[in-house]
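Trainee: Build me a model from this:
(2 chains)
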Amino acid sequence: MTATRTTAGPASHGARGSRPRMPHALAAGVTIFAFWLVISASLEPGDLLLGVVLSAVLGVWSVQFLWAGAAPRVSLRQLFALLRYLAGFSVTVFRSAVHVARVVVDPRLPISPRLITCRTGLRREISRIAFAQSVSLTPGTLTVDMDGGTFLVHCLDEQSAARILSGELERQLARVFDGEDDT
Amino acid sequence: MTGMLLHALTIALAVTGALFFLAGTLGLLRLPDFYSRVHAATKCDTVGAGAILLALAIHVAPHPEALKILVLLLLVLLSSPTSGHALARAAHHTGLEPWRRPGERAR
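Mentor: As a prediction, this is how the structure comes out:
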């Protein structure tokens, strides 16, 4: 959900005129209230009341850009698949930081940067965004631009480019989101 | 005993985080162009901040503050690749070409 908010920014200009819908405002408000509970760490009636008021106001206000298009539908099965994916992916994130660290401490600075175009068959907006974010945290690659299922990726070296073009990451995310019960 | 192990884990994570921040900074100074510097900032700072925040969360563990720190960790993990992408995208839209190793031909 949070990823949708951040990456769907440019698309929101078109949706600005449309009326915010109630369930979306409610969902945003509930999320904000949960966040309030964590950061206030208090169950005092006054704090709770202030939290409810703020969540309601922010929920209604943020609905215009939180769900710029249709809200992504994620089934429970997909949510669990995503959590499993993230657990495995955290290792990749660590490896990518090690990769950059090794490159920059090497006196020869072994890079040969390039821009590559990566066409994917990902159909859903949510899987495309997840792919773009994942590419940016995979060793040696950074998503520069996306247009539909096509991504412009900056790669630090040849091996990093090959890893993205192999399509393994795409297959993993297709398994998570582009499942049989997608909408 | 467990307390000592937790302390050791906290210190190890904090030091790891600091080392990654150092690597990220070194990358900012050494890498040749904007795009490759974004690589260093995105990856090293994500893991650096992640490790340090995890260390802090373990340090204050039974306290509710730990939950706050974990939420912060989640925020960093999401915002880091997003801002890296936003920076690279903005640079690309201004027409900035990525640096290439001299002698290599653009494909």
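
Trainee: Could you use CA atoms for every contact and neighbour count after this?
Mentor: OK.

Trainee: Stretch A:113-125 vs chain B: in contact?
Mentor: Yes: Stretch A:113-125 is in contact with chain B by Cα under 8 Å from any Cα of the partner chain, via A:Pro113, A:Arg114, A:Leu115.

Trainee: Columns secondary structure, pLDDT and distance to B:Ala23 on top of the residues you listed, output as a markdown table?
Mentor: Shown next, in a markdown table, are these (DSSP: H, G, I helix; E, B strand; the rest coil; pLDDT from 0 to 100; distance: Cα to Cα, whole Å):
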| residue | secondary structure | pLDDT | distance to B:Ala23 |
| --- | --- | --- | --- |
| A:Pro113 | coil | 91 | 19 |
| A:Arg114 | strand | 90 | 22 |
| A:Leu115 | strand | 91 | 24 |
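
Trainee: quick check, nearest of these to A:Leu26?
Mentor: A:Leu26 lies nearest to A:Leu115 out of the residues of stretch A:113-125 next to chain B, by Cα to Cα, at 41.8 Å.

Trainee: show me the contacts for the residue nearest to that closest one when sequence neighbours are not counted.
Mentor: Spatial nearest neighbour of A:Leu115, excluding adjacent residues (Cα to Cα, 6 or more residues apart in numbering or on different chains): A:His154 at 4.5 Å. A:His154 sits next to A:Pro113, A:Arg114, A:Leu115, A:Ile116, A:Thr141, A:Leu142, A:Thr143, A:Val144, B:Tyr35 when contact means Cα atoms under 8 Å, 6 or more residues apart in numbering or on different chains.

Trainee: Of those, which is the most crowded?
Mentor: A:Leu142 (31 neighbours; other Cα atoms under 10 Å in any protein chain shown).

Trainee: pLDDT value on residue 70, please?
Mentor: No chain was given, so I picked chain A. What the model reports as pLDDT for A:Ala70 is 64.

Trainee: not quite, I wanted chain B
Mentor: 90.

Trainee: tell me the domain boundaries of chain A?
Mentor: If you go by automatic domain parsing, the domain ranges for chain A are A:2-66, A:76-176.

Trainee: ok, how many other residues are close to the nearest residue to A:Leu109 once chain neighbours are set aside?
Mentor: Among residues not flanking A:Leu109 along the chain, A:Val103 sits closest, at 5.8 Å (Cα to Cα, 6+ apart). Neighbour count for A:Val103, taken as other Cα under 10 Å: 21.

Trainee: likewise A:Val176?
Mentor: Neighbours of A:Val176 (other Cα under 10 Å): 21.
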